[in-house]
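I would like the atomic coordinates for the input below:
(one chain, ligands or ions: 2)
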Amino acid sequence: MFEPLHAVLESSEKSDLREFLSWLRQPDKRYFLRNEILIAFDQFKAEHYENGTIPEPSAALSALVNGLQELIFEEDNACIVVRPGIAAEEAYWLWPDSTSEPTDTKELLELRDRIVGHHHPNEGELLEIDVKPFYDYSPLIRDPKNIGKGVEFLNRYLSSKLFQDPQQWQKALFQFLSLHSHDGMQLLLNGRIQDQQQLSNQVKKALGMLKRYRPDEPYSKFRYDLQSMGFEPGWGNTVGRVQESLALLDELLDSPEPQALQAFLSRVPMIFRIVLVSVHGWFGQEGVLGRPDTGGQVVYVLDQARSLEQELQEEMELAGLDLAASPPKVLILSRLIPNSDGTRCNQPLEKVHGTDNVWIVRVPFRDYNPNLTQNWISRFEIWSYLETFAIDAEKVLLAEFQGRPDLIIGNYTDGNLVAFLLSQRLKVTHGIVAHALEKSKYLFSNLYWQNMDNQYHFSLQFTADLIAMNTADFIISSTHQEIVGTPETSGQYESYRSFTMPDLYHVMHGIELKSPKFNVVPPGVNESYYFPYTDTSDRLNGEIERLTALLFTQDDPGAIVGSLDDPSKPPIFSMARLDRIKNLSGLVEAFGQSPELQERCNLIVIAGKIHTEGTTDAEEAAEIEKMHSLMHQYNLWGKMRWLGVRLPKADSGEVYRIIADHHGMFVQPALFEAFGLTVLEAMISGLPTFATEFGGPLEIIQNGVNGYYINPTQPNQMAEVLLEFLSKRDHNPRIWEEISQKAIARVYSTYTWKIHTSRLLSLARIYGFWEYTSQENRKDLRVYMETLFQLLYKPRAKALLEEQTHR
Ligand code: UDP
Ligand code: LCN
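Ligands and ions are numbered 1, 2, ... in the order given. Predicted coordinates for the structure are as follows:
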């Protein structure tokens, strides 16, 4: 039994627990989540302890409450879901006589169905989705601390296989190395080496031959000698590099070690053409950020594409391949939007700035429904167009590459589903990036899916997520907690392990978190735009005056609301899209409720637009109205500016730095943030950053060291954390600089694109090798997921299309 529960039930504290539960129980609310329970418990303690009604609860009850994830009341009973540790969940019934009994997944899902009035035992069983048995074939990571380090684990696993069964694995390695070619040119091995034994002999001979040369002599000098021994280009550009590669292979064939396997596979030239799939719009290089649905994902994919090209170029050069003759190519696949609202989203092909061979390729949705498909479509509405989009995109990609790509990476649910469909058809290694799993962002989105399906279509989205997660060869996550959460809170992928979609299906086991497919590979920031405010020589000195006026003083009723009576006060700054979860209105509320904060600071917010006209996004329209009404309600005239502008990246980089010049602070108040690129941008600029404690920022920031956490659901607490920092600064004026320096250091040490891409390419190769050696093992899970796609996803997507046509 969960230890704190045992401790409470075995002690006098069980009456405190009973009292807390009866205090919490309300006729119209039966379901409580962690944040609500914690807030309620604080209130309960304040009322009861301060009144002296009961003695202060001791450690056991506090530990129990702190471990609660959910609390569900049913009649006189309560069911609690607790978290004994990372990636672990247990559920218990608490009976009225203060005894307890564990309950299992099936019972828990049925209870949740009952709570929302959707449990119909007389109508037979619901579809149960359970992928667990399929993962029994594959290696699993045992220690939850190591979840997310899939590639390290896989290296150990594969090298131990090589060790246990050298014959079979050497053969697999030999066959794998014989496979590779680029633009019609055979790489690594030719027909002179016929089997693994010959490979081993020839490697030793080649190493002997190379001793005749100086280490820095170029490949062209000994190319033909190597070729006659069975080795084609791809081993290195100099004698030294080829020696290293062959020595690694020699070591691997004789005594396989994980490090040697990783080092060797990371050098195998097998990736030259990459597709990054990011379907929903707006995907472009100018004038798109800050629109609904268009934020960090676009920034991430563009920066990743640039960085991938650079890394591939460097690797090709090191491998001794002719870059000029056959350069690597990265294609970003997105949808073409005919009515493109002044952006380039109607162009089928657009070169990515600052690259040699990176392109945005846009493929239109089929015109089933021109009113919709000619225009931008919300990410929640695009499910019906994705299968045919994948079919059409396949042709475009084959033509663009003049062949198949070597790697496909999906982004967000829609891109991940398309990546799944493309990789099925093209038989290519495929990775996915979630960016945001809506299931964690929208509380109760699965339980109440039927009430929300008109607007959000989560039944399609969560089914697509399950399919993509389970078919992907690897999953790139930006943080560890995205996968398995923290000791206190559940992870985003973890939330797919079991859940109910009442009346549709029960997910008994939706994802195997211990699978080595999970890898934490955080993104970086584009360091040419975002850098410390102290790097004065790189700053856009010609733009500072214009941008300072824009932030603090410029009058523009069409795009700016509010003015500042005293622009010299330190600014509290935020920038985000105006969707509900970003909670910019929560920050305005916190500022509005705190006269002290208003006294000490100004508030400056950059958020998409200030008028509802022209927006087709319901959440954006609602947020715009809410922002206006809060400014009126709290009379924030003279204290706050709201800029409805879309800044080019160069400007936004300078904006963070100008705020830092004014000794300001950055606040990220999202109700949930999957990762949070603005947090990185603000930190690298040198701004003390205050970010939501729900989601990725919890891992980016180390509280009190290089930034601070805030609870976005508690406006008072948000204001208090900011005020506390300001009052610390009154006593120690250096605190702002200290936090600023540490924030900068944090980003440079952990969040750069260089680290990201070399890790990503290394893991793509290792998964490619694993995929090659274990094809049969994973086929049946794919077939299962294809069945879900055909029987569950497609009929619902078709029904949505019909509904949209008649809307
Ligand atoms: N951004 C912007 N203008 C805006 C709002 C956002 O340029 O009005 C940029 C911001 O600089 C960041 C990205 O959009 O690079 C937002 O990424 P983040 O991960 O913070 O959030 P998302 O929007 O992806 O949820
Ligand atoms: C989407 C989000 O919601 C953000 O939290 C991420 O930072 C962004 O994508 C990039 O991954």
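
Show the end-to-end separation of stretch 48-66, please.
With C-alpha to C-alpha, to the nearest Å as the measure, the ends of stretch 48-66 fall 18 Å from one another.

What of stretch 29-38?
With C-alpha to C-alpha applied, stretch 29-38 spans 16 Å between its terminal residues.

Please name the residues that touch Ile701.
Counting by C-beta atoms under 8 Å, 6 or more residues apart in numbering, Ile701 touches 679, 683, 689, 691, 707-709, 746. In this view, the C-beta of every residue, glycine as well, is placed from N, C-alpha and C.

So which other helices or strands are in contact with the particular helix or strand that has Thr678 in it?
Using DSSP states H and E, Thr678 falls within helix 677-685. Of the remaining helices and strands, those touching helix 677-685 by 3 or more C-beta pairs under 8 Å, 6 or more residues apart in numbering; DSSP states H and E are helix 296-319, helix 649-661, strand 665-668, strand 689-692, helix 697-700, helix 735-750.

Paired strands for the fourth one, with orientation please.
Pointing back at strand 689-692 there. strand 665-668 (parallel), strand 708-710 (parallel) (DSSP bridges).

Run through the stretch 301-450 of the chain and note the low-pLDDT ranges.
Regions of the stretch 301-450 of the chain meeting the criterion pLDDT under 70 are absent.

Go ahead and confirm Val605 touches Leu643.
Yes - the criterion here is C-beta atoms under 8 Å, and Val605 meets it with Leu643 at 7.0 Å.

Point me to the residue of this protein nearest ligand 2.
Nearest to ligand 2, among the residues of the chain, is Gly296, at 2.8 Å (C-beta to the nearest ligand atom).

Count the residues that sit near that residue.
By other C-beta atoms under 10 Å, the residues close to Gly296 number 22.

Please apply the same query to Lys582.
27.

And the pLDDT for it?
Reported pLDDT at Lys582 in the predicted model: 97.

Okay, it and Gly695: tell me how far apart.
With distances defined as C-beta to C-beta, to the nearest Å, the gap from Lys582 to Gly695 amounts to 12 Å.

Is any residue of stretch 617-625 near ligand 2?
No - applying C-beta under 6 Å from any ligand atom, one finds stretch 617-625 separated from ligand 2 by no less than 13.5 Å.

if I pick the residue of the stretch 1-150 of the chain found nearest ligand 1, what's in contact with it?
For the stretch 1-150 of the chain and ligand 1, the shortest gap (C-beta to the nearest ligand atom) falls at Gly148, measuring 19.6 Å. In this structure, Gly148 makes contact with 477, 480, 483-484, 518-520, judged by C-beta under 8 Å, 6+ apart.

tell me the contacts of the nearest residue to it once chain neighbours are set aside?
In space, and not counting its chain neighbours, Gly148 is closest to Val520: 4.1 Å by C-beta to C-beta, 6 or more residues apart in numbering. Counting by C-beta under 8 Å, 6+ apart, Val520 touches 148-149, 477-480, 482-483.

For this structure, what lies in contact range of ligand 2?
Near ligand 2, the residues belonging to the chain are 296-297, 300, 435-436, 478, 673-677, 696 when assessed by C-beta under 6 Å from any ligand atom.
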